[in-house]
Structure formats: C-alpha cells, structure tokens
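Enquirer: The sequence and its predicted three-dimensional model are supplied below.
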Amino acid sequence: MHEKDPQDPGGLYTSKRSLKQELTAPPWDFVTIQQASIKSHDVTTYRRFAKQLHDYFRQHAPKAEVLMHQTWAYRVDAPRFSVAAPKAGEPTTQAEMYRMLTSAYSTIAAELGVRRIPVGEAFYLADTDPKLTYKPDPKRDPKDQTAIPNQTHSLHVGWRMTKQKDGSNKLGMDGHHAGPAGEYLGACVSSEVLFGESVVENSFVTPGLDKTYARFLHETAHRAVLASRTRQLSAPVR
C-alpha cells in the first residue's frame, strides 16, 4: 500500500513507518507470519499472501529467519461455538478449530520451508489436559451480570467486566484473546523455539500465576515444540 502511494497513511504502522522501512531499519533476527485468528482455520484466506510476505521479508530482511506463528483455538465456551446456524466451513467446536488451523498452518509452513511457533498446539494441549483444563463454571447464572464466574486454568481472557460510556459495568465474554496464563504459555513456546533452550526449568513466573500451574505450562510448551519439529500434532483432537 505504501509503495503504491507513500501519502496513504493506511500503509504505515503506529511507528509512522512502512513495512519496508521497518524491515530495513534494524537488523532483524526473526520475522513471523500469522493469520487473524478468526480466519486461521481457512488456509485459502492466507496461503497466497503468506508466500508474498515470505518473499518480501526475504528481500528486505535477508538475514532474518521467517517463521510461522500458529495461533490458537478459542475457548471451549466462546460465543463462536454456540451459533445456531454456523456458516459452511466454520469450526463449530474448539477441537474442530484446533484441527483446522493446525492443518492450515502446517501446510503453509511446509510449503514455505519455515518453522512453526506452535503456540496453538500448546494451548490445545493445556485445554484438553485431564486435570488442569479449564472447565466452564457449572454454577454460573446467565441472568447474573454482576459476578465473574470461576475461570480457573483459563488460558483466554474469558468473562470480564467492561466500563460503559454511562459509567456502568457490563459483563462480557472474550473467548479469543490470551489472558495472563495464555500469554505466559505463548511466551514459553516462543522462547524455546527462538532460543533453542528448554523452558522446563525456567525460573520466571508471571506475577499472580500459580507456580505449580506455571510448571505445567512449561512442560506443555516443551511438548508442543518437540512435536512440531516432526510436523506432527502434539495433541489428540477430542
């Protein structure tokens, strides 16, 4: 966009620089590609564009390694999975979204000859663990808009109170984005992929995160990275 029209602000990042300027400014070690999570399951929405980006990165940041950042499936109780009549080709469960996005990312990574950062696989491993998986609060009252339900072991933001323009609070659901535990898990996966060192014995724990659970996330990240090296699914689809 910027190369076609340097005056178009739509071609600039918040830094006020174009993609080309960003790539040529610092000596990048790594550059990543990903699709918006809501379309990550559909390989046709980014297969061609991923190749274009890959080639552009290689041209303007030739010393950087290009990697595919694999996003994650939404929380099991995300509104996306409760649509009465989903569109054709849309995942209807967390397991289906995981399977589809993993297939798409793996396909593109293989075609480009790049490594994956398997954050999405680590999320699914944790989300399907027999003991430490997140489970929707059975005591939640849908009519109660004043209390946040129990969200122990949630990797996603989930239920939260948001301030409205009139000053009131409203209970809403964000089953898409990573919460503190999910961010920590993603960081563990990225760290192990980029630095080549196991995170299992990592001593840093995000403030407020249970140390035993953090240890579980270390091990989960490690399992996902090991599996991704053979381009296999690290977690069974349930």
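Expert: Yep, it's here.
Enquirer: Number of residues surrounding Thr92?
Expert: Neighbours of Thr92 under the rule other C-beta atoms under 10 Å: 12. Backbone N, C-alpha and C define where each C-beta goes, glycine included.
Enquirer: Which element, helix or strand, includes it?
Expert: Counting by DSSP states H and E, there is no helix or strand that carries Thr92.
Enquirer: just the strands in this structure please.
Expert: 30-33, 65-69, 115-117, 156-163, 169-178 (DSSP state E).
Enquirer: need the helix or strand of the protein with the lowest average pLDDT.
Expert: helix 19-24 (a mean of 88; mean pLDDT, DSSP states H and E).
Enquirer: Can I get that one in CSV, CA atoms only?
Expert: Below are the C-alpha coordinates for helix 19-24, written out as CSV (Å, rounded to 0.1, in the frame of the first residue of the first chain):
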residue,chain,number,x,y,z
LEU,A,19,6.7,-2.3,6.3
LYS,A,20,9.7,-1.9,4.1
GLN,A,21,11.1,0.8,6.4
GLU,A,22,10.5,-1.4,9.4
LEU,A,23,12.3,-4.3,7.8
THR,A,24,15.3,-2.4,6.6
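Enquirer: Kindly state which of the strands of the chain is positioned closest to Val43.
Expert: Each of the strands of the chain was scored for nearness to Val43 using C-beta to C-beta, and the closest is strand 65-69 (11.9 Å).
Enquirer: Which positions within that closest one qualify as buried?
Expert: Residues Val66, Leu67, Met68, His69 are the ones in strand 65-69 that count as buried (16 or more other C-beta atoms under 10 Å).
Enquirer: model confidence over stretch 104-121, on average?
Expert: Taken as a whole, stretch 104-121 carries a mean pLDDT of 96.
Enquirer: what's the span of it, first residue to last?
Expert: 13 Å (C-alpha to C-alpha, to the nearest Å).
Enquirer: Buried residues in that stretch, which are they?
Expert: Buried residues in stretch 104-121, defined by neighbour count with 16+ other C-beta under 10 Å: 104-106, 108-109, 112, 114-121.
Enquirer: ok, which pair from the buried residues of strand 65-69 is furthest apart?
Expert: Val66 and His69 (10.5 Å).
Enquirer: Pull up the overlap in contacts between those two.
Expert: Thr32, Ile33 (C-beta atoms under 8 Å, 6 or more residues apart in numbering).
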